[in-house]
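Everything below, folded, please.
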Amino acid sequence: MRALLDSSPHPPGEPTSRKRKLAAILHADVVGFSRLMGADEVGTHQALGELRRAVDPLIAARGGRIVGTAGDSLLADFSSVVDAVGCALEMQRASRAINDPISPERRLELRVGVNLGDVIVDGDDIFGDGVNIAARLEALAQPGTVCISQTVYDQVRNKLDLDYRPLGSHRVKNIAEPVRAYAVGVPAAVPRARKGRRPFMAVAGAAALVVAGLVAWALHAGVGRELLGLGPASKPVEVASLAASARLAGRPSVAVLPFKNLSGESGQDFFSDGISEDVITALGRFSNLLVVSKSASFQFKGQNLGPGEIGRLLDARYLLEGSVRRAGDRVRVSAELTEAATGRHVWSEAYDGETKDIFAVQQDIARRVVGAAAVNLTRLEQERVLTRPTDSLAAYEYVLRGRDYFSHATREQNENARDMFQRAIDLDPNYAAAYAALGFAHHAAFLSGWTEFPEDELESAEALAQRALALDPAATSAYRLLSFIDIVKKRYDLGLRQIDRALEINPSDAENYEARGAILAWAGRASEALPWIEAALRFDHANASAAMQLCMASYFLGQDADAIAACDRVAARNPGRFAQTEIHPFLAAAYAQLGRAQDAAGERVITMRLSPFFDAERFAAQFGTEEARNRILAGLRKAGFQ
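Next up is the predicted model:
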């Protein structure tokens with residue numbers, strides 16, 4: 001219900017006992033209340049009464065005042081913005097406690113908006129834009145979450161240590177200027193520790209760390225049938241439940257620096273880098289640990305910076321670094337976990353064995369890291385890390401070599417990568433990662449025009465991704481590949497389902513955040529895409545691909561200057577042909593929209609040089625909504641494209 005929306009002062013001429021004040025305004029509403037009343041009027045009314053009995057005292061306890069209620073809506077004001085946000089979070093926790101035992105279709109879930117603004121006080125009522133904005137923020141919130149304005153964010157960000165995820169700027173009804181909004185995550189309740197134990201305690205000594213790791217391993221066993229591919233997920237991934245930055249409350253963050261190659265020959269870098277990358281992947285599957293992306297941490301390869309500086313730049317609490325020395329069939333791996341801020345060594349270990357033992361080494365490193373960080377593990381997370389990808393070390397080496405070739409993004413190196421991945425499959429026909437990697441190579445050939453038969457490349461990529469998932473239902477790269485294929489085929493809803501599965505399996509993978517943002521951007525749903533893209537960039541500030549999606553989303557939102565800044569960022573960091581052919585049309589359109597005709601003409605020339613047969617209508621037709629297609633086509637026409 002929206003009886004509290006669009007509040008406005010009495011018209012001129014009425015008796016005035018009114019005054020103005022600055023207030024923090026909280027607006028709450030029950031999601032789908034009319035539907036619930038239609039299904040069960042008596043039960044829903046009783047449930048609403050129970051919910052109000054739980055949340056109303058929280059407002060009074062925080063010094064707030066309930067201004068009005070209308071059915072399922074509630075309006076309150078506070079003298080302190082910190083108290084208003086704190087109360088909103090407490091209301092959501094109370095609501096969650098009530099809803100946990102109730103089936104999802106019968107739950108009364110709250111959306112809450114909080115704004116700080118000037119209001120008119122008339123008796124017991126408040127009016128004005130400050131109230132209306134709070135109501136609009138509530139409408140932007142996901143069920144079970146809190147949405148705040150920029151003014152609130154500016155006041156509380158240094159006072160409340162919460163997960164703030166930007167939602168971009170929104171034009172809302174009856175408000176002249178766009179409203180910039182932030183979602184605020186509701187921290188989960190900390191489980192009560194066993195008597196005599198402290199949660200999240202740093203433990204000194206290697207033996208104690210092993211014990212801590214084993215204790216953590218035993219906690220929370222037996223969840224997640226759906227994540228093994230044995231049934232549908234119980235609920236979709238929600239924006240508010242995902243890591244939007246590397247500093248979520250209660251979740252330690254770790255950066256894996258590239259392991260040093262001490263083998264005496266630079267040709268073995270692929271092996272040490274591959275071990276580092278696979279440790280990153282393994283750690284990312286622990287839902288209570290945040291892992292900095294490979295592309296972010298690998299930029300420090302060969303640099304001599306202190307742990308404090310690297311930790312600050314990567315926003316990481318812990319740094320994992322090490323070395324690999326390989327001689328024939330023997331390998332020595334050293335690993336060390338450091339607390340970034342203090343430089344304190346938390347844990348270190350050296351492993352000696354045959355190269356065939358490398359998977360056991362990776363597993364033990366991952367286990368020791370999460371044990372040292374006091375992370376709770378589920379049985380499913382444990383199983384994912386302990387699964388051997390292949391029994392053939394030679395096949396694994398071919399995949400690592402293929403990854404190295406693939407990273408160079410040229411036609412020749414792509415062909416070399418495909419050869420390596422195919423050799424891995426020939427050695428082990430059940431190696432899921434090799435199929436997914438080969439599928440990505442086919443997909444890259446399709447995107448970059450390195451083939452005379454592009455549709456065949458796309459079909460091969462899809463078949464390989466499906467084969468990978470048939471062998472390993474937890475192969476996140478295969479889900480991501482399918483989502484990219486779905487973008488090309490305009491199957492946006494299916495693509496979102498694919499990437500949501502990948503995010504459930506590995507909630508720290510920046511590439512999955514970027515992929516979800518890309519799907520939404522190409523679908524023309526730019527306002528929804530923005531927080532996912534920004535999340536990917538928080539994991540990895542140098543992610544040129546995510547910056548490309550930011551360019552697109554910003555342009556579709558009418559933020560042309562932001563689009564230009566993002567596109568320039570991509571052009572400087574990613575010289576790949578496909579990325580360039582996407583960047584320059586958007587730059588041309590954005591410049592034209594801003595009236596910068598000369599700059600737009602320059603980008604048009606570059607576009608036509610890269611793609612002599614560029615067609616503006618065909619380019620615009622790729623996007624999923626008429627609004628998006630019309631805006632890019634209008635910009636291209638202004639830039640002089642025919």
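
what residues does the host helix or strand of Met552 touch?
If you go by DSSP states H and E, Met552 is part of helix 544-556. Helix 544-556 has contacts (C-beta atoms under 8 Å, 6 or more residues apart in numbering) with 168, 510, 513-514, 517-518, 520-522, 524, 526-527, 529-530, 533-534, 536-537, 540, 560, 562-564, 566-567, 569-570, 573-574, 579, 582-583, 586, 589-590, 627-628, 631-632, 635. C-betas here are computed from N, CA, C, even on glycine.

Equivalent analysis for stretch 47-65, please.
26, 28, 30, 33, 66, 72, 74, 76-80, 83-84, 86-87, 90-91, 94-95, 97-98, 106, 108, 110.

Now, of those residues, which are buried?
26, 28, 30, 33, 66, 72, 74, 76-78, 80, 83-84, 86-87, 90-91, 94-95, 98, 108, 110 (16 or more other C-beta atoms under 10 Å).

so what's Ala341 up against?
Gly308, Gly311, Arg317.

List buried residues within those residues.
Buried among the contacts of Ala341 by 16+ other C-beta under 10 Å: Gly311, Arg317.

Could you export the contacts of Ala341 to TSV, including columns for pLDDT, distance to Gln413 and secondary structure?
Shown next, in TSV, are the contacts of Ala341 (pLDDT from 0 to 100; distance: C-beta to C-beta, whole Å; DSSP: H, G, I helix; E, B strand; the rest coil):
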residue	pLDDT	distance to Gln413	secondary structure
Gly308	87	37	helix
Gly311	85	33	helix
Arg317	85	36	coil
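
what's the closest of the contacts of Ala341 to Gly328?
Nearest to Gly328 among these is Gly311, at 36.5 Å by C-beta to C-beta.

what pLDDT does the closest residue to the closest one other than its chain neighbours get?
Closest residue in space to Gly311, ignoring its immediate chain neighbours: Ala340 at 2.5 Å, by C-beta to C-beta, 6 or more residues apart in numbering. Ala340 carries a pLDDT score of 87 in this model.

Same question for Ile499.
93.

That one: how many residues sit nearby?
By other C-beta atoms under 10 Å, the residues close to Ile499 number 30.

element containing it?
Here Ile499 is assigned to helix 492-505, by DSSP H and E.

tell me which strands and helices that helix is in contact with?
helix 476-488, helix 510-522 (3 or more C-beta pairs under 8 Å, 6 or more residues apart in numbering; DSSP states H and E).

Looking at this protein, which helix is longest?
Counting by DSSP state H, the longest helix found in the chain is helix 41-61.

how about it: buried residues?
Here helix 41-61 shows Thr44, Ala47, Leu48, Leu51, Ala54, Val55, Asp56, Leu58, Ile59 as buried, counting by 16+ other C-beta under 10 Å.

angle of the following helix or strand past that helix against helix 41-61?
Going down the chain from helix 41-61, the next helix or strand is strand 65-70, by DSSP H and E. Using axes from the mean of the first three to the mean of the last three C-alpha atoms, to 10 degrees, the inter-axis angle of strand 65-70 relative to helix 41-61 is 160 degrees.

Each with direction, which strands does strand 65-70 pair with?
strand 73-78 (antiparallel) (DSSP bridges).

Any chance you could list what contacts the helix or strand following the partner strand?
Using DSSP H and E, the next helix or strand after strand 73-78 towards the C-terminus is helix 81-99. Applying C-beta under 8 Å, 6+ apart, the contact partners of helix 81-99 are 24-26, 28, 50-51, 54-55, 58-59, 61-64, 76, 78, 107-110, 112, 114, 116, 144-146, 148, 152, 155-156, 159-160, 162, 184, 186-187, 189.

what do you get for stretch 101-112?
By C-beta under 8 Å, 6+ apart, stretch 101-112 touches 26-31, 33, 36, 40, 43-44, 47-48, 51, 55, 72, 88, 91-92, 95, 98-99, 138-139, 141-147, 235.

ends of that stretch, how far apart?
Start and end residues of stretch 101-112 are separated by 22 Å (C-alpha to C-alpha, to the nearest Å).

before we move on, what about stretch 465-481?
End-to-end for stretch 465-481, by C-alpha to C-alpha: 7 Å.

how many other residues sit next to Arg368?
Around Arg368 there are 22 residues (other C-beta under 10 Å).

Pretty sure it sits against Glu336.
No. The pair Arg368 / Glu336 is not scored as a contact, 10.4 Å apart, by C-beta atoms under 8 Å.

Identify the residue nearest the most centrally placed residue in the chain in space, chain neighbours excluded?
Taking C-alpha atoms, centre = their mean, the centroid of the chain lies closest to Tyr513, which sits 3.7 Å from it. Of all residues not flanking Tyr513 in the chain, Ala536 sits nearest, at 4.0 Å (C-beta to C-beta, 6+ apart).

element containing that neighbour, please.
Going by DSSP H and E, Ala536 is in helix 526-539.

ok, now Ala350?
strand 344-354.

where along the protein do the strands fall?
18-30, 65-70, 73-78, 110-122, 125-127, 146-149, 164-170, 179-184, 253-256, 260-261, 290-291, 318-327, 330-339, 344-354 (DSSP state E).

what's the angle from the second one to strand 110-122?
With the same axes, to 10 degrees as the criterion, the two stretches strand 65-70 and strand 110-122 enclose an angle of 110 degrees.

any idea how far Asp315 is from the residue nearest to Gly311?
Going from Ala340 to Asp315 by C-beta to C-beta, to the nearest Å gives 9 Å.

coming back round to it: other SSEs contacting the strand holding Ala350?
helix 206-218, strand 330-339, helix 358-372.

Run me through the strand neighbours of it, direction for each.
In the sheet, strand 344-354 lines up with strand 330-339 (antiparallel) (DSSP bridges).

what inclination does the strand it pairs with have with respect to strand 318-327?
Using the same axes, to 10 degrees: strand 330-339 against strand 318-327 is 170 degrees.

for strand 330-339, the distance to its chain's centre please.
Computed by C-alpha atoms, centre = their mean, to the nearest Å, the separation of strand 330-339 from the middle of its chain amounts to 29 Å.

And stretch 468-482, by the same measure?
Using C-alpha atoms, centre = their mean, the offset of stretch 468-482 from its chain centre is 19 Å.

What residues sit buried inside it?
468-469, 471-482.

Pipe these into JSON lines and attach pLDDT and distance to Glu455 per row.
Below are the buried residues of stretch 468-482 laid out as JSON lines (pLDDT from 0 to 100; distance: C-beta to C-beta, whole Å):
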{"residue": "Ala468", "pLDDT": "93", "distance to Glu455": "21"}
{"residue": "Leu469", "pLDDT": "92", "distance to Glu455": "22"}
{"residue": "Leu471", "pLDDT": "91", "distance to Glu455": "25"}
{"residue": "Asp472", "pLDDT": "88", "distance to Glu455": "27"}
{"residue": "Pro473", "pLDDT": "87", "distance to Glu455": "28"}
{"residue": "Ala474", "pLDDT": "85", "distance to Glu455": "29"}
{"residue": "Ala475", "pLDDT": "89", "distance to Glu455": "24"}
{"residue": "Thr476", "pLDDT": "89", "distance to Glu455": "26"}
{"residue": "Ser477", "pLDDT": "91", "distance to Glu455": "22"}
{"residue": "Ala478", "pLDDT": "94", "distance to Glu455": "20"}
{"residue": "Tyr479", "pLDDT": "94", "distance to Glu455": "22"}
{"residue": "Arg480", "pLDDT": "93", "distance to Glu455": "21"}
{"residue": "Leu481", "pLDDT": "95", "distance to Glu455": "16"}
{"residue": "Leu482", "pLDDT": "95", "distance to Glu455": "16"}
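
Cheers, nothing more for now.
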